[in-house]
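Student: Kindly generate the corresponding structure for this input.
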Amino acid sequence: MNLLHTRFLDVDRPRESIALLLAFASLAVVGAAWSFEYLGFVPCKLCLIQRQPYYMAIPIALVAWGVERIAGPRWVTRLLLVVLAGLYLWGGSVGFYQAGAEWGYWPGPADCAGGGATIPTAASDLLGSLSKVKVVDCTKAQIRILGLSFAGWNVLASTGLVSAAVLGVLLPDRARR
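Tutor: The predicted structure follows:
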């Protein structure tokens, strides 16, 4: 057994490998988002929306991998890859919208505020909570890494993942062993 032919990854079964790659890539994106949140970057409303496709993509990609792994119907795997491409396209389009708003190309949402804020239920806690709540503006990049904000990096990641999912759909069928 070598690195190209392992228990979980086999270049002779590229659709299976692509599904597994999409699952791990989605997990990596979610992990990166959570690690930045741990470092103190509070996600805005659009940031949280951009994560949703990745949360949904992880189990879907694992099911696609499993269907290919057990030599299930190829149309099921293709359908799941189309769903994944749609999810990544959705997340990337929200990222594109936010990145454009951050650069001032168009206005951002008027209702964008921090995702971690909770509204107190007691009136006495309301004034005290105002000093603790950090409102995050979706139109202001919290940090730029190599010139791109988190939304910009999401656009790049989503573009690559859409491409991989579409490639998996378009790959010709190979004889199964």
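Student: And L27, which helix or strand is it part of?
Tutor: L27 is part of helix 14-38 when elements are defined by DSSP states H and E.
Student: following that helix, which helix or strand shows up next?
Tutor: Moving toward the C-terminus from helix 14-38, the next helix or strand (DSSP H and E) is helix 45-69.
Student: Remind me what that next one packs against, helices and strands.
Tutor: If you count contacts as 3 or more Cβ pairs under 8 Å, 6 or more residues apart in numbering; DSSP states H and E, helix 45-69 packs onto helix 14-38, helix 74-102, helix 150-170. Where you see a C-beta, it was placed from the backbone N, CA and C, and this is true even at glycine.
Student: returning to that earlier point: and the helix holding L27, how far out from the chain's middle?
Tutor: Between the mean C-alpha location of helix 14-38 and the chain-wide mean there is a distance of 8 Å, by Cα atoms, centre = their mean, to the nearest Å.
Student: again with stretch 30-42
Tutor: Its chain's average C-alpha position is 13 Å from that of stretch 30-42, according to Cα atoms, centre = their mean.
Student: Repeat that for stretch 146-162.
Tutor: 10 Å.
Student: Of all the helices and strands packed on helix 45-69, which one is nearest L46?
Tutor: helix 74-102 (4.5 Å; Cβ to Cβ).
Student: Run the angle between the closest one and helix 150-170 for me.
Tutor: If you take axes from the mean of the first three to the mean of the last three Cα atoms, to 10 degrees, helix 74-102 sits at 160 degrees to helix 150-170.
Student: rewinding a little: could I get the buried residue list for the helix holding L27?
Tutor: For helix 14-38, a neighbour-count test (16 or more other Cβ atoms under 10 Å) marks 14-23, 25-27, 29, 33, 36 as buried.
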